[in-house]
Structures are given as structure tokens and as C-alpha cells.
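> build the 3D model from these lines:
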Amino acid sequence: MEHPLPRFVEVRRLARGSAAFYFRIPTHYRSLGCEMANEPLGTSYGTACGDDGKGGRAAILNALFDEWNSQRKGAAPEQGKIARYGTVDWLFRQYKTEKAYTEKVSPRSRPDYERIMQLICDTVGKSGRRIGERQILEVSPRAADKIYDRIINGPNGVRLRQGEKVVGLCRKVWRIMRRLHPELFDKKHPNPWDDFTLKSRTKTKKHAVSREEVYKFAWGCIREGRPEPAAVAVICFEWLQRPENVVAGFLTWPDYRSKNWPHAVRIEHHKNKALVWHPLEETLEGETVKFYAEAEEILSCLPKLGIPMIMRQIARGERKGDAKVWSYPGMEKVVQEMRKKIDGVSKLFTLDACRHGGMTELEEAELTDGQGRALSGHKTAQAYRGYAKETMARALAATRKRHAHLLAQKGLDQQQVADEAASLGDQTRQPSPAPKSSTRS
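So this is what the prediction gives:
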């Protein structure tokens, strides 16, 4: 069976016998000034050329070549056409095709990345030109300062946080893309966003919800027939998993009281690839102490729709009745709806605030830095794999201390209530002093 080859794509036979695909610019265009790099496309036809020879990585490279060739001929860009080669628009679009974006930027963060890129490209300078239409070489350090000033002075007031995001993203994109396309950058000032002076601002701390508010929200969701947001909030608070990982299905039913670990739950942190085992109970002298009894009671209300813990049933369409993983915006919307219905839950209640509240409780329990990290997973995956047994022992000690802190706090609260009641009783039983009798002389 023969497959069509895209333009400038060659097939070469490797030493082991398999075929490999390569993108190679003809020497004719090299002599005309084309500086696009030749590139190996791998051994997969679909990845290199698409299913029909009109897609894959080759289609992207050919589109870039067409942009360069049109620019060489002096053709004006058409409305709706892809960004011109070498412009800021092209720079961001090309960055989104690289592994630095597709593999390193989480799906949850991509909408914010897209918004910041669009904000930069749509910013208009004094000349009336969009920043996205300018060549990369035109963005000098002085131009970067002017772009920053225009962005932070928004139509509705000063927005310093947006300026910080712009500088951070541009510094990253310029650094990554210069390594791949050095000919498009100024040799004297290759990254105009380095050593950038930001205007200082007072940073607000992330909101952290308390244990009482988390479980008030969770039981309220159970009463409303919404066990999924209840479980996500409790998991983020107790086991400190990032909410996007919980919603995306990284916590599965086999992770909870599995055959190999019947008394623990396995938490995977996708951001740093760390795995943390949280002990759920401990038996001492014939008595079993459950560390997360209320959390497990919440999980018992979850329907088992598939392997991931957090799933929902499709209500309409051809797949009605099937189960699927939640989207993060969909789960956030349900959380917002539920917190309005449940008394005692503040407007600042979010899934991020639940995890931050759990982290705050670790500090309140006076755990050491090592014990806290053993529960939260704030370490590299290599360090965890090298000290897995030691980490499990530290996690057990940390969980004991955290559970003891909770019991002690409850005991203090009960003692305080009892003392207040006793004090009130003493006041009612104490006889009042007899009135003084008056005598007449």
C-alpha cells in the first residue's frame, strides 16, 4: 500500500530496516535565504504526514515555508490568513506546537496562557499597529518596557498582576523559541524580557477554608444529591491532591484501600509526578483508629461509575447513561452553585481553597517540614522513588500527629463548653445577700 508524501518530505531506510521521514528544504530555497531548519519527523506516518498525507508535522512546516516564501515575494498578508513568518503572532502560534507547551503546560493552565498571548498580540502601539504584526526583532528592551506599560494601564484601571503574567510568559517563550529559531532574534539583545523591572504590588494570600466549612459544604452537597463535588472538596482538603488532578480522574477506586495497601490511599500529583501513600487507619493493642473516618463516610456516598472516582453520567444524546470524567470548568460551576445553596459556606469557597486549607492545617498541627512534605507530595519524583519506604513511615508518623491534634482540639472545645456550663450553674445556685434592715433613732 502506497501513501502520498507531502511536499519536502523524504523517506529514508534506517539501519534496523524501518522507514523514517525527514523534512528537507531544497538547496534552491536555501540560496534564496530560507533559514528554516531541516527536521526529522519520526517513523510514524500519521505523526509525520497525517492520515492522508495532508496533516501531521509536515503540514505545519510547509505552512511556515509558505509564509516565508510569500514574504520573500512581497505578497501582502490576507485577512484571516495564518500569521506571517517571524512575527510575534507567529512566535506564539509556533510555541503552542512545541513540547514545551503541549507536554509542560497543563490543560487547566492553557486557557490562561491563550488569554495572555492574545492580550499581548492585540495590544496596539502609538503607530496603530498590533504587537502581533511586528517582527520579533522589533521587540527591543525599550519596546518591551512600553508594551508592559500599556498592558498594566488597562481600560478599567491598573492591572499589575496581568503585567507580571505577560513578562513571565514572554521571557519563557523568547528563551525557548530562540533555541529553535536563532536567526529570528536580535543577537545583541536576544531576550528583551530578561532583567525586567516590575512595579511592586501587595500580593494577596490565597484563601484557605477550615475543616468545619469543608464538611459543611460536603454534607450539604450530599443532601442535594451532588456527591461528586463533596468528594472532590474532601479529597483536596484531607489528602492534598491538586483539584485538577482529582477532577481529571487521577484518583481511582483501585487507589483506595487496594489489595496491596488495604489501609491506605494512593495519591498521585501529576505536576511533579510524586506518589504519596496516606495511611487511613492503624491498629494498636487490638484497637483500630481511623484517621479519616468522616472523609471515608463521604466517599461511601459516591456511585461507582467507572475506574476514576469522580465521574458523571451523560444526561442527553446518543451516549445517554454512559459515564465520563468531569471537565474542570464544569466542576467549578457546580461548586459555585452548591456554595450558594448551603448555609455557612462563604463566597470564597473554592476547590483550591480546600487544598490550601489542608496545607494550613498541617502547619497548625506543628508538623516538621519533612512530615508535611511526606503528606503533601512537595518533592521530586526521583526523591520519592528512592526513599519510598522511609516516606511511608514518615507519612504514618505525620498522620498520627495530625489526628492527635484534631482529637485534642475537640477535647479542648468540649472542656470549654463544660466549664462555661459549670460556671453558669454556680452563679444560679449562689444565694443572694440579705438586704440591710434600717433602724430609726
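> quick one: the closest residue to Met36 other than its chain neighbours and Leu180, what's the gap?
Using C-beta to C-beta, 6 or more residues apart in numbering and skipping the chain neighbours, the partner closest in space to Met36 is Ile25 (5.7 Å). Placement of C-beta: from N, CA and C, glycine included. Going from Ile25 to Leu180 by C-beta to C-beta, to the nearest Å gives 15 Å.
> hmm, back to that, mind checking the SS state of the residue nearest to Met36?
Ile25 falls in the coil class when you classify it by DSSP: H, G, I helix; E, B strand; the rest coil.
> re earlier: ok, Ile25 and Leu180, which is more surrounded?
Ile25 (17 against 13; other C-beta atoms under 10 Å).
> now do the more buried one, the pLDDT please.
Ile25 is assigned a pLDDT of 91 by the prediction.
> where along the stretch 251-400 of the chain do the helices fall?
Remark: helices assigned in the stretch 251-400 of the chain by DSSP state H, counting those that start in this stretch are 293-299, 328-341, 351-364, 369-376, 381-386, 388-429.
> I'd like to know which elements the first one is packed against.
Looking back up the chat, that one is helix 293-299. helix 211-223, helix 227-238 (3 or more C-beta pairs under 8 Å, 6 or more residues apart in numbering; DSSP states H and E).
> can I get the ones you listed in JSON lines with distance to Glu2?
Output for the helices and strands packed on helix 293-299, formatted as JSON lines (distance: least, C-beta to C-beta, whole Å):
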{"stretch": "helix 211-223", "distance to Glu2": "58"}
{"stretch": "helix 227-238", "distance to Glu2": "50"}
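> which stretch among those is buried most, on average?
Across the helices and strands packed on helix 293-299, averaging neighbours per residue (mean count of other C-beta atoms under 10 Å) puts helix 227-238 on top, at a mean of 25.
> helices or strands next to it in the packing?
Helix 227-238 packs on helix 211-223, helix 243-247, helix 293-299, helix 328-341, helix 351-364, going by 3+ C-beta pairs under 8 Å, 6+ apart.
> in TSV: those helices, plus distance to Gln71.
Formatted as TSV, the helices and strands packed on helix 227-238 follow (distance: least, C-beta to C-beta, whole Å):
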stretch	distance to Gln71
helix 211-223	56
helix 243-247	40
helix 293-299	59
helix 328-341	39
helix 351-364	45
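> do you know which of those lies nearest His403?
Ranking these by proximity to His403 (C-beta to C-beta) places helix 293-299 first, at 9.9 Å.
> in the closest one, what counts as buried?
295-296, 298-299 (16 or more other C-beta atoms under 10 Å).
> for Leu412, give its distance to Leu406.
11 Å.
> more crowded one of the two?
Leu406 (13 against 10).
> could you look up the SS state of Ala20?
strand.
> so it touches Pro40, yeah?
Yes. Counting by C-beta atoms under 8 Å, Ala20 does reach Pro40; the two are 6.8 Å apart.
> which ones are touching Leu375?
240, 276, 278, 362, 367, 395, 398-399, 402 (C-beta atoms under 8 Å, 6 or more residues apart in numbering).
> would TSV of the residues you listed with pLDDT be doable?
Conversion of the contacts of Leu375 to TSV gives the following (pLDDT from 0 to 100):
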residue	pLDDT
Leu240	91
Val276	87
His278	92
Leu362	82
Leu367	76
Ala395	74
Ala398	79
Thr399	86
Arg402	88
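> in a markdown table, list these along with distance to Glu318 and neighbour count.
Below are the contacts of Leu375 laid out as a markdown table (distance: C-beta to C-beta, whole Å; neighbours: other C-beta atoms under 10 Å):
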| residue | distance to Glu318 | neighbour count |
| --- | --- | --- |
| Leu240 | 38 | 24 |
| Val276 | 39 | 24 |
| His278 | 40 | 23 |
| Leu362 | 46 | 20 |
| Leu367 | 50 | 22 |
| Ala395 | 45 | 20 |
| Ala398 | 48 | 23 |
| Thr399 | 46 | 22 |
| Arg402 | 47 | 22 |
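> between those, which is closest to Pro329?
Using C-beta to C-beta, the contacts of Leu375 come closest to Pro329 at Leu240, 22.4 Å.
> ok, that closest one - contacts?
Residues near Leu240 by C-beta under 8 Å, 6+ apart: 267, 276, 355, 358-359, 375-377.
> lowest-confidence entry in those?
Gly377 (79).
> wait, that one touches Ala274, no?
Yes. Between Gly377 and Ala274 there is a contact at 4.0 Å, judged by C-beta under 8 Å.
> these two: which has the busier surroundings?
Taking neighbours as other C-beta under 10 Å, Gly377 and Ala274 compare with Gly377 leading, 24 against 21.
> per-residue confidence at the most centrally placed residue in the chain?
Nearest to the geometric centre of the chain sits Arg108, at 5.2 Å (C-alpha atoms, centre = their mean). We have a pLDDT of 72 for Arg108.
> find the nearest non-adjacent residue to it, please.
Distances taken as C-beta to C-beta, 6+ apart place Glu244 nearest to Arg108, at 4.3 Å, with adjacent residues excluded.
> compare the helices of the stretch 251-400 of the chain and give me the one nearest His189.
helix 381-386 (36.5 Å).
> what kind of secondary structure is Pro40 in?
What three-state DSSP gives for Pro40 is strand.
> pull the number of nearby residues for it.
Neighbour tally, Pro40, other C-beta under 10 Å: 13.
> what bridges to Val158?
For Val158, the beta-bridge partners are Asn153 (DSSP bridges).
> and the helix or strand hosting Cys170, what does it pack against?
Following DSSP states H and E, one finds Cys170 within helix 160-180. In terms of contacts (3+ C-beta pairs under 8 Å, 6+ apart), helix 160-180 is packed against helix 88-95, helix 110-122, helix 141-152.
> which other helices and strands contact the shortest one?
Judged by 3+ C-beta pairs under 8 Å, 6+ apart, helix 88-95 is in contact with helix 56-73, helix 110-122, helix 160-180.
> helix or strand right after it?
helix 99-102.
> pull out the buried positions in that next one.
Per 16+ other C-beta under 10 Å, helix 99-102 contains these buried residues: 100-101.
> okay then, goodbye and thanks.
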